[in-house]
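K.L.:
the sequence isn't on hand, but the structure is:
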Ligand SMILES: O=P(O)(O)OC[C@H]1O[C@H](O)[C@H](O)[C@@H](O)[C@@H]1O
């Protein structure tokens, strides 16, 4: 008899009344909200939390949740002109972080527990927009997999994962050797020679054509991040000054996470979207 299950939950931490689902598979558990199809927690075992959620995160009033795994779609960062022909005031990272998605499928077996959430596009303000977005979350005892799917169209997408760390000063992400765009220098193209990125100041970089596998290493533990369907990985930590300016992050909150984001950013790729990030805790 399996104790694997999906159960509904109203509210998570300080996020009162947030409509959530809890997935359990053996010792592993995950919590996802219908608001933004936003993953809030992933515990490969009871005492280990892999995902960072800001203790000052809020929801409602069109505020995206700070932390977890925000879903950015159909644009990343400020909307490029392609997405915004009428030069409207549009939100950062697209429109689905603050929408209530619908659960369209649930599956519980001995081996895996999964849930699919979907949102239809009724209002995207540009031509050739895809018609829907779906997120499937699959939990096994070994890993958590997030899959974003959509049909053809001009679209960017990112799984903007915030990973919990003991201290940002001790973290190293590899293998990242290669070209990146530095958003702190107006997108200037640079090359990283060494395989590892360590965090000693603010980082906001778009690494191009990254490997399928990245590793986030800290003292005593590691997380393997496997990506598919991506053309970039975004590495972000706001550091002290920007953390103070973010009102839903504690001033010292930047010490507790790094973002490793699996992204599709090309504006010329109109193929159906299939973007995957798998998170595996290596202990
Ligand atoms: O504050 P948000 O809209 O959630 O964005 C948070 C961050 O997301 C990404 O990592 C971008 O590269 C950053 O430039 C941005 O500051």
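P.N.:
Great, that's in hand. Predicted, not measured: the structure shown is a model, and the values here were computed from it.
K.L.:
number of residues surrounding residue 39?
P.N.:
Neighbours of residue 39 under the rule other CB atoms under 10 Å: 26. The C-beta positions use only the backbone N, C-alpha and C, and glycine is treated the same way.
K.L.:
do residue 130 as well
P.N.:
Counted with other CB under 10 Å, residues neighbouring residue 130 total 20.
K.L.:
excluding its backbone neighbours, what's nearest it?
P.N.:
Distance criterion CB to CB, 6 or more residues apart in numbering; nearest residue to residue 130, sequence neighbours excluded, is residue 153 at 3.4 Å.
K.L.:
Three-state assignment for that neighbour, please.
P.N.:
Judged by DSSP: H, G, I helix; E, B strand; the rest coil, the three-state class of residue 153 is coil.
K.L.:
list the contacts of it.
P.N.:
Counting by CB atoms under 8 Å, 6 or more residues apart in numbering, residue 153 makes contact with 74, 128, 129, 130, 131, 270.
K.L.:
what of residue 147?
P.N.:
Residues touching residue 147, when contacts are defined by CB under 8 Å, 6+ apart, comprise 135, 136, 138, 274, 275, 276.
K.L.:
show me which of those residues are buried.
P.N.:
Neighbour-count burial (16 or more other CB atoms under 10 Å) is assigned, among those, to 135, 136, 138, 275, 276.
K.L.:
closest point of the stretch 51-200 of the chain to the ligand, which residue?
P.N.:
residue 92 (3.9 Å; CB to the nearest ligand atom).
K.L.:
how close does that residue get to residue 12?
P.N.:
23 Å (CB to CB, to the nearest Å).
K.L.:
give me every residue in the stretch 151-283 of the chain lying close to the ligand.
P.N.:
The stretch 151-283 of the chain has residues 183, 204, 234, 236, 259, 261 near the ligand, with proximity defined as CB under 6 Å from any ligand atom.
K.L.:
so what's the second one bridging to?
P.N.:
Yep, that's residue 204 we're talking about. With DSSP bridges as the criterion, the beta-bridge partners of residue 204 are residue 236.
K.L.:
surely it meets residue 182?
P.N.:
Yes. With contacts counted by CB atoms under 8 Å, residue 204 reaches residue 182, the gap being 7.4 Å.
K.L.:
which helices and strands does whichever strand or helix holds residue 160 pack with?
P.N.:
When secondary structure is defined using DSSP states H and E, the element that contains residue 160 is strand 157-164. Strand 157-164 makes packing contacts with strand 71-72, strand 144-149, strand 257-264, strand 274-281 when contacts are defined by 3 or more CB pairs under 8 Å, 6 or more residues apart in numbering; DSSP states H and E.
K.L.:
could you list the residues in contact with that strand?
P.N.:
Counting by CB under 8 Å, 6+ apart, the neighbours of strand 157-164 from elsewhere in the structure are 39, 49-53, 67-74, 76, 93, 133, 146, 148, 150, 216, 223, 225, 234, 256-265, 273, 275, 277, 279.
K.L.:
pLDDT below threshold where in this protein?
P.N.:
1 (pLDDT under 70).
K.L.:
got the contact list for residue 269?
P.N.:
Taking CB under 8 Å, 6+ apart as the test, what residue 269 contacts is residue 231.
K.L.:
any idea how far residue 120 is from it?
P.N.:
From residue 269 across to residue 120, the span is 22 Å (CB to CB).
K.L.:
how about the strands in the stretch 101-250 of the chain?
P.N.:
Under the criterion DSSP state E, counting those that start in this stretch, strands of the stretch 101-250 of the chain are mapped to 102-108, 113-120, 132-139, 144-149, 157-164, 172-174, 178-182, 188-192, 197-198, 203-208, 213-218, 221-228, 232-237.
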